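Asker: how would this look folded up:
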Amino acid sequence: MEEKMVSQFRIFVVLTSIVVTVSVLIFWFIEVQNRHRDNLQLAQIHLDHGVQLHVQKKYQLAKKKLIQATRADPKSWKAFFYLGAGNFELKRYDAAIPFLERALFLAPTEQKIYKMLGVIYYKLGQLDMARGYFTSYFELDLNNKDARGMIEMIAKLQRSTALAATKEIN
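Answerer: Numbers count the residues shown, from 1 in each chain. Here you go, the predicted model:
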């Protein structure tokens, strides 16, 4: 009888331990979820403020807020896009590219990212890269006359550059 009570007591202790462990894990999970939600809310606040500063053409101040947004939410493609757009507006094309590439990785169907990268590579004189981005931009919306026009313009430039190079060789 005494052994049975000891055995039941051990079972009770083990079950209690399991309940406590599960309760701690549930509490921890809820805490992690709350922190994640708070980070996303903070990221949105920084993003909204950064976009507002960008619209006001205060690109350096916008950059600080947008970087804070990316730290709070590393998956915020809009923050990366606006970091790239700010550098684009300041004509820092090489600095804009990594931000826009990250935005594109996070949001591969956002047309404006392809367009801005196409324009940047065009301005840098890298016509093949520009044409590739404009082609992707066009493929997302086959009715996009803007993209089609950019592709045709680059094709003409490439043909005229190739023709000029051929004349120089001859």
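
Asker: Count the residues that sit near Leu127.
Answerer: Leu127 has 16 neighbours, counted by other Cβ atoms under 10 Å. Heads up, the C-betas are built off the backbone N, CA and C, glycines and all.

Asker: Pull the contacting residues for it.
Answerer: 121, 154, 157-158, 161 (Cβ atoms under 8 Å, 6 or more residues apart in numbering).

Asker: try it again with 6 Å
Answerer: Listed by Cβ atoms under 6 Å, 6 or more residues apart in numbering, the contact set of Leu127 reads 154, 158.

Asker: how near is it to Gly149?
Answerer: If you measure Leu127 against Gly149 using Cβ to Cβ, to the nearest Å, the figure is 15 Å.

Asker: Ok, His46 next?
Answerer: His46 is 36 Å from Gly149, by Cβ to Cβ.

Asker: So the two - more neighbours on which side?
Answerer: His46 (22 against 12).

Asker: can you pull the pLDDT of that one?
Answerer: Listed pLDDT for His46 reads 94.

Asker: That one touches Lys65, doesn't it?
Answerer: Yes: counting by Cβ atoms under 6 Å, Lys65 is a contact partner of His46 at 4.9 Å.

Asker: residue ranges with poor pLDDT in the protein?
Answerer: Within the chain, the segments meeting pLDDT under 70 span 1, 6, 24, 26, 30, 32, 34-36, 38, 162-170.

Asker: need the helices for it, in chain order.
Answerer: 2-55, 59-72, 77-89, 93-106, 111-123, 127-139, 145-169 (DSSP state H).

Asker: Tell me which of those sits most buried.
Answerer: Highest mean neighbour count of the helices of the chain: helix 77-89, a mean of 23 (counted as mean count of other Cβ atoms under 10 Å).

Asker: how about the CA coordinates for that helix, as PDB?
Answerer: Once non-C-alpha atoms are left out, helix 77-89 reads as follows in PDB (Å, rounded to 0.1, in the frame of the first residue of the first chain):
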ATOM      1  CA  TRP A  77      10.700  45.900 -48.300                       C
ATOM      2  CA  LYS A  78       9.200  49.400 -48.300                       C
ATOM      3  CA  ALA A  79      11.900  50.600 -45.900                       C
ATOM      4  CA  PHE A  80      14.600  49.200 -48.200                       C
ATOM      5  CA  PHE A  81      12.900  50.700 -51.200                       C
ATOM      6  CA  TYR A  82      12.800  54.200 -49.700                       C
ATOM      7  CA  LEU A  83      16.400  53.900 -48.600                       C
ATOM      8  CA  GLY A  84      17.200  53.200 -52.200                       C
ATOM      9  CA  ALA A  85      14.900  55.900 -53.500                       C
ATOM     10  CA  GLY A  86      16.500  58.500 -51.200                       C
ATOM     11  CA  ASN A  87      20.000  57.600 -52.600                       C
ATOM     12  CA  PHE A  88      18.500  57.700 -56.100                       C
ATOM     13  CA  GLU A  89      17.200  61.300 -55.500                       C
END
